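Q: I'll drop the sequence and a predicted model, then ask my questions.
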Amino acid sequence: MKIVKKHVLLSGGIGLIPAPFFDQVVIAGVLAKMLNDLCKLYGLEFTDHKIKAIVASALGGAHSGWITYYLVNYLGKLAPGINAVGNFVTRPIISGAITFAIGKLFVFHFESGSWLRAKEPKLFQSKPAD
């Protein structure tokens, strides 16, 4: 989890940069690097998981921008002038949260030895109540 935490902080820091699309591309790169580092930690070749990593990285980087955009625009309608402050505050939080979620998902994947498939939805199954 040390690798994930390091990249969460890095993504959050990049989220502070107010450059449309630039931060999304850089965050996608941070996610790809995190997944590469996780592959090395678990003794796996990155090429085996390359497609999954690329998809997760691209979607993670893009979603940080999209979520922030819609959230801040909605808040801007409620309170004029909040766009600049809201963008500055929410983008790093959302970037870090998405990085954490993707990192946690891949750690689960590597530790369980299986990927999320329709046959094995372990991560999403709820445990029976006692």
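A: Cool, the structure landed. Numbers count the residues shown, from 1 in each chain.
Q: Dihedrals phi and psi, Tyr42?
A: The phi and psi torsions at Tyr42 (degrees, to the nearest 10) take the values phi -90, psi 10.
Q: And for Glu45?
A: Dihedral angles of Glu45 (phi, psi; degrees, to the nearest 10) stand at phi -80, psi 130.
Q: give me the low-pLDDT residue ranges for the protein?
A: Applying pLDDT under 70 to the chain flags residues 48-49, 51-84, 86, 114-130.
Q: How many residues are close by the nearest residue to Gly103 once chain neighbours are set aside?
A: Leaving aside its chain neighbours, Gly103 sits nearest to Val4 (3.4 Å; criterion: Cβ to Cβ, 6 or more residues apart in numbering). (C-beta placed from N, C-alpha, C; glycine too.) Counted with other Cβ atoms under 10 Å, residues neighbouring Val4 total 19.
Q: Equivalent analysis for Gly43, please.
A: Using other Cβ under 10 Å, Gly43 is surrounded by 7 other residues.
Q: rewinding a little: packing partners of whichever strand or helix holds the residue nearest to Gly103?
A: Element membership for Val4 (DSSP states H and E) is helix 2-15. Here helix 2-15 touches helix 22-41, helix 82-112, going by 3 or more Cβ pairs under 8 Å, 6 or more residues apart in numbering; DSSP states H and E.
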